[in-house]
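1. Sequence first, then the predicted structure, then my questions.
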Amino acid sequence: MKKKKIMAVLLAAVLAAGSMAGCGSGDDSKDSGSSSGSESEGGTDEGGVTTLTFYNADLTEDDPWTDPVAEKLTEATGVKLDVDHPVGEDKQKISLMIAEQNFPDMIYAKGDAGSLIDAGALIDMTDLIEEYGPNIKKMYGDEFDKLKYSKDDPSIYQLSSYQMGGTKYEDSGTAQVQFDFLKENNYKVPESLDEFEQMLKDYLAAHPKTDDGMDTIGISLSASDWHWMITLGNPSGYIAEGAPDNGQWLIDENYNATYKFTSPKIREYFKWLNKMYNEGILDPEFATQTHDDYIAKISSGRVVALFDTLWDYQDGEKILKADKKLGKTYCGIPLSMDKDTKVPTMMYQGLPTGQGVGITTACENPEAAIKYLDYICSDEGQVLVNWGIEGTNYKIDENGHRYREQEEITASKEDKNYKKTTGVGFHSYPFPAYGVGVTDSTGSTYTTDSKDTVIAEYNEEQRAACEAWNAELLLDIFPQQDEFETPAYSPVWAMSKPIEFDEIGNKLDEIAQPSLISCVMAKEGDFDAEYDKMISELEGSGMKDAEQMLTEIVKDKAAAAE
C-alpha cells in the first residue's frame, strides 16, 4: 500500500506540474487566514461555530451557506461548511490537491476517491463512527460493512453518496412504448422479443405515418456518442440476461465477472436488433444521429419504442407533454427476451460504494466532521435536508405525517432557484441518505417522494394504464423487489477500481461501440462473422485479464462485507 501511495503522489505531481508554479503548501496557505475552499482551515469563531472546508466534485454552483436550511444545520451541529467546487474544465483539481498535499477538511471526490485513498489523504473513520456515529450505524444497518474498503484494508474512508435502502415508485423499465401503442394493443404487455416484434410490426402497418404526415419509427436509439452505453449496451443485459446494472459486466453467483457482450444470450439480443434494422423497424439513423436529433424525433411523436432510461429521453417527453400529446409519451414496460427471463428493474442491488464523503488527513477537528455527518444521518437531519423547515416548507397532519401544500410542491417543481433559496434538497447530496420509501418512526417517508405523491401526479394516460392492469402503480406489473436477493457486493459501476483495470475496460468499450453498431447494421447473413470478429478483438485486448481482476475485486468486496 505504501508503494501505491507514493506512486499516486508522484503521478498527481506530474499531472499538476504545469499548474504549480507559485503555489504554496497547505501549511503556508493557512497563515494567510483567508479561505479558498481547497485547503483545510477549519476553526471555531467567537460564536462557537466550527467552519469546515468541503470540496464537492459534483457541485456546479456556489453554496454561500446562507439559506434557511444551512442556518438550521449550523444551529443543530455547530458546524458551517465552506464549500468549494470545480470551475469550468477544472478536471485536475484532485490531482493538484494530492500533488500539493493541500486538502479540505471533508471531500466528495466522485470517481477520484481511489487516488485520494492511494495517496493516504483520507482518514479511516471506523473509530470515529464507533464513538460519535450512532446514526451513521443506524442508517447503514446490515450493510454497514459494505463501507469497508477491502478485506485486507477494512478501513472506512467514505460514507456512500448513494441512497440507503428503499424501493422504486417510478422507473422507465427495460423498454419504453408510447401509450397509444399500449391502448391499441388493449394494454397487452409483450412477454418476449418475438411478441414485441409482431406487435410493433402490426402497429406500424396500421400507422405508417403520424398525424403530421411524418414517417413513424418503430425503435430509435442514440448510439453515436457515450449514450450508446445507455441505449445500446445497458438494455442488452437487462432484456437478454435479466441482469442488474453492473455496467458492462455480468457477475454470476460465484462472483465471476464476464464482459457482457460475450454472453450468448446478449449476442442473441443483438442478432434480433440486426433483424429489426434490416427489416426497417429500427431507425436507420440510430448510429449516426446526434443525441439532439434523437430527442427531436422523440419530441415529434414519431418514435413508438425506446430502449433507454427516463433521465436520458425526458427532454423530448417534456415537449410532448407541453404539446398535449400525452398518448405519444412513454410507459416503461418489463420487456425481456422470453418468459423465463425475469427483468431486474425493481431489484435492490444494495448500497453502492466507491463514491462518497470522506474526512481528510488535513482536518484538524475530525470529531466535528463526523458529528456533522452523524447529524445528517439522523432522523432530524434527514427531514431537515429533504423536507426543509416545519411550518414553512412542510406541515404535520392529524396523523403525525409530513405533507407539503400544493403551493410548495409547485414551487419545488417550477422555480429553478427553489433549492438554492430555500435550501430544501440543496444540502442532501452527496451526503448519506435514506432511499425513497423508507419511513421514520412516524410512518412518514424521509424523502418527499412517496407512493401517494407519485399516484397523485399521474396523468390521464398513466391512470388509464393502471386501471387496465388493475394496478395502483405502473411498476406493479414488474417482478417486485421481494422476488430478488440483494447481492453481497455493491454495484460494480460504483466500485473504486485500479487504474490497470480501467485502462483495459476503456479499451474494451472503445472496441465494443463501433463493433456492436457494425453487427447491428450488417446484412443478416454477415452478423455472426461480425460478432465473432468483435469477440476476437476483445480477447486480444486484455479482456480475460480484466475479467480476472474484476472477479478478485468483487470477491474481495463481498468478503469485506461478511
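-> Received, thanks.
2. ok, and the closest non-adjacent residue to the spatially most central residue of the chain?
-> Centroid-nearest residue in the chain, with CA atoms, centre = their mean: residue 162, separated by 7.9 Å. Closest residue to residue 162 apart from its sequence neighbours, by CB to CB, 6 or more residues apart in numbering: residue 352 at 4.1 Å. Placement of C-beta: from N, CA and C, glycine included.
3. So the one you found versus residue 489, what's the distance?
-> Per CB to CB, to the nearest Å, residue 352 is found 10 Å from residue 489.
4. who has more neighbours, these two?
-> More neighbours surround residue 489 than the other of residue 352 and residue 489, with 23 against 20 (other CB atoms under 10 Å).
5. Looks to me like that one is in a strand.
-> No - under DSSP: H, G, I helix; E, B strand; the rest coil, residue 489 sits outside any strand and is assigned coil.
6. Quick one: residues contacting it.
-> Taking CB atoms under 8 Å, 6 or more residues apart in numbering, we find residue 489 in contact with 146, 251, 255, 350, 554, 557, 558, 561.
7. who's in contact with the residue nearest to the centre of the chain?
-> Contact analysis of residue 162 by CB under 8 Å, 6+ apart lists 351, 352, 353, 355, 356, 433, 494.
8. before we move on, what about residue 68?
-> Residue 68 makes contact with 388, 389, 392, 422, 423, according to CB under 8 Å, 6+ apart.
9. Wait, the first one touches residue 422, no?
-> Same thing as residue 388. Yes - contact criterion CB atoms under 8 Å: residue 388 and residue 422 qualify, at 5.9 Å.
10. Quick check: neighbours shared by these two?
-> When contacts are counted by CB under 8 Å, 6+ apart, residue 388 and residue 422 are jointly contacted by 68, 69.
11. neighbour-wise, which of these two wins?
-> More crowded of residue 388 and residue 422, by other CB under 10 Å: residue 388, with 25 against 20.
12. Could you pull out the helices in the stretch 151-300 of the chain for me?
-> For the stretch 151-300 of the chain, the helices defined by DSSP state H, counting those that start in this stretch occupy 179-184, 193-206, 228, 234-236, 264-278, 291-300.
13. Columns distance to residue 414, pLDDT and secondary structure on top of the contacts of residue 162, output as JSON lines?
-> Below are those laid out as JSON lines (distance: CB to CB, whole Å; pLDDT from 0 to 100; DSSP: H, G, I helix; E, B strand; the rest coil):
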{"residue": "351", "distance to residue 414": "33", "pLDDT": "93", "secondary structure": "coil"}
{"residue": "352", "distance to residue 414": "31", "pLDDT": "93", "secondary structure": "coil"}
{"residue": "353", "distance to residue 414": "35", "pLDDT": "92", "secondary structure": "coil"}
{"residue": "355", "distance to residue 414": "30", "pLDDT": "92", "secondary structure": "coil"}
{"residue": "356", "distance to residue 414": "32", "pLDDT": "96", "secondary structure": "strand"}
{"residue": "433", "distance to residue 414": "24", "pLDDT": "97", "secondary structure": "strand"}
{"residue": "494", "distance to residue 414": "32", "pLDDT": "87", "secondary structure": "helix"}
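14. Quick check: of these, which lies closest to residue 186?
-> Closest to residue 186 out of those is residue 352 (39.0 Å), distances taken as CB to CB.
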